[in-house]
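Quick one: sequence plus predicted model below, questions after.
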Amino acid sequence: MASDALHTVDEPAPPDRARRERFAVAVTAIVAVVIALNALGNGFPNDDQWIVAEAKDLQHPSQWWHALTRPWWPYANALWRPVTTLQLAIETWLGGGAATPYHAINALWHGAASALVVALALRIAPPVAAAAAGLFFALHPIHVEPIATLVGRADLSVTVFLLLAAHIASRRAPLTRELGWQIAACAFAALGSKESGVAAPLIVWAASRLVRPTRESFVAAAWAAAGIVPLLIGRWFVLGTLGGDEPHPAWVGLAPGVAIPFALRSLAVGAGWLTWPRPPVFEHAPPERLILAPEAWLVAVGTALVAAAAWAAWRQWRRPAPMALALLWWWATILPVSNLVFRSGIVLADRVLYAPSVGAALALAALLSGLPAARGLQRAAIGATVAVAAYGGVLTWRDLPVWKDSETLIAAFVTRAPESWSGYLFRGLARTSTGDRAGAIADYDRGIALFPREGRLLRERAKFALQDGDSTRAIDWLERSVAVYPKAIRTRQILLDIYRRRGDAAARCRLLVPGVALAADQRRWQQELAELRTAGQCR
């Protein structure tokens, strides 16, 4: 059975405590909404442009079916998030495509998530500690990106539905069929919001163990699993795979002996970002030297975190504990993007830490509630937590407008993360579009120096080399780009054009054979390959 030491609700509570609980939830929600409203002036930066502003197939209610059946990235046939896409489509129909309504609704989602964090923390901590942990969550600058961007709705939405599932599962009430259907519905909506919703069964099990025996908690987890199965089937029909996005370039070609230490390092870096507020950045794209030789102490910390997650699973199974719940929440939501099991489309980014940060808030609540009240130690710790949360709020308020447009965002990204090659790629692309040739070349060169295996950096730099008549270096960059991104049609086509002008049939054949296999719709390639074979220049 669950430990008697756990704080639980859904039991008759003294009127004073009930009032304090309601106050803690309400204040945290209001603070979260108010801080998020500073993003109302934002427009459609970066991916918002492609996913929302220019989504022509979602502009009218008659196209509602597209919201349920199209990939999240239509042009790449990658990811499927029908619940989030449908939300954004409905807001497009009602708001006429203006940016402000989307951002206002994001603020409400963040308020709902913050309120639910407090509600779940009240299962394991008294109101004051739960409120402090909730404020830490509500004001943390790690949440700037998901709050300030429309594509961040996926992170907000999945977190809210996972919190609802955990809240329902941890109610001290009989696990009726009605309760089971509620859990299944939340799990369904979570996975329909984002891929990390696949964590619902583990989260439901861990939360249910607070108040239920082992067998009943597994039944609750089974309800959550039943909720995600239809989404997995739908994902297969829409995408033709259960996998996610294309692997991030950092993972391409890495042997397991190199990739696993690097993934453990990234796990430790992400945990550090959750622990202490720091100015947000767009994406963590470390230079190749850190990928190939990550810091030993960070790898050790990452290994310890994995061991802590294993301990949490054992502890929650044997004798439930608040800290075990916190660690399991963090582990369940970070695992899909940890790159330890399969390679994801990122190394590390602020947006993917929104859901895992709930685990950090729950851990904080557990720590605060475990401190002795004597001698004011607990009160001092709670005061310090609120002060740190306020500091995070200052950073969040300041940085939400950084996402107002792509130009402002990219400038901040390069300044704050000078060793992340992604910033130079994005700024180089922006400078290319505005005709700043010298600036674009400098950015591409800097990015390649940091990470010489990014296909887009190599391709864009090669284009300028061709303009300068330097075909030797252009070919080298393009060949490396194709090796990283074999499906990159434009890059392969540029190379084919070069080799055609040079009369190099062998090189054309080497590019065309795998190219036709990867892109069967490229009729021009099929014709060119057939001509080479007819001429006996290609097998």
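Ah, there it is. Numbers count the residues shown, from 1 in each chain.

my read: Gly192 touches Pro82, true?
Yes. Gly192 is in contact with Pro82 according to CB atoms under 8 Å; the separation is 5.2 Å. Bear in mind the C-beta positions are built from the backbone N, C-alpha and C, glycine included.

Can you give me the buried ones in the least confident helix or strand in the chain by mean pLDDT?
Lowest by mean pLDDT, DSSP states H and E among the helices and strands of the chain is helix 64-69, with a mean of 84. The neighbour-count check on helix 64-69 (16 or more other CB atoms under 10 Å) flags 66-67 as buried.

distance between it and the chain's centre?
Mean-position distance between helix 64-69 and its chain equals 23 Å (CA atoms, centre = their mean, to the nearest Å).

And for stretch 65-85?
Its chain's C-alpha centre and that of stretch 65-85 lie 16 Å apart, by CA atoms, centre = their mean.

Dump that stretch to PDB, keeping only the CA atoms.
The C-alpha trace of stretch 65-85 is given here as PDB (Å, rounded to 0.1, in the frame of the first residue of the first chain):
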ATOM      1  CA  TRP A  65      -9.800  17.100 -41.800                       C
ATOM      2  CA  HIS A  66      -6.300  18.300 -42.800                       C
ATOM      3  CA  ALA A  67      -5.700  19.100 -39.100                       C
ATOM      4  CA  LEU A  68      -6.200  15.500 -38.200                       C
ATOM      5  CA  THR A  69      -4.500  13.800 -41.100                       C
ATOM      6  CA  ARG A  70      -1.500  16.000 -42.100                       C
ATOM      7  CA  PRO A  71       2.000  15.600 -40.600                       C
ATOM      8  CA  TRP A  72       3.200  18.300 -38.200                       C
ATOM      9  CA  TRP A  73       5.900  19.100 -40.800                       C
ATOM     10  CA  PRO A  74       3.900  18.600 -44.100                       C
ATOM     11  CA  TYR A  75       6.900  19.200 -46.400                       C
ATOM     12  CA  ALA A  76       9.000  16.600 -44.500                       C
ATOM     13  CA  ASN A  77       6.300  14.100 -43.700                       C
ATOM     14  CA  ALA A  78       7.600  14.100 -40.100                       C
ATOM     15  CA  LEU A  79       5.800  13.900 -36.800                       C
ATOM     16  CA  TRP A  80       2.100  13.800 -36.200                       C
ATOM     17  CA  ARG A  81       0.400  16.000 -33.600                       C
ATOM     18  CA  PRO A  82      -3.300  16.100 -34.500                       C
ATOM     19  CA  VAL A  83      -4.600  17.500 -31.200                       C
ATOM     20  CA  THR A  84      -2.100  20.500 -31.300                       C
ATOM     21  CA  THR A  85      -2.700  21.000 -35.100                       C
END
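
of Gly192 and Pro82, who's got more company?
For Gly192 versus Pro82, neighbours defined as other CB atoms under 10 Å are more numerous around Gly192 (27 against 22).

ok, and what's touching the following helix or strand past the least confident helix or strand of the chain?
Per DSSP states H and E, the first helix or strand lying C-terminal to helix 64-69 is helix 82-95. Residues from elsewhere that reach helix 82-95, judged by CB atoms under 8 Å, 6 or more residues apart in numbering: 51-52, 55, 58-61, 63-64, 66-70, 72, 101-102, 105, 150, 153-154, 157, 189, 192-194, 234.
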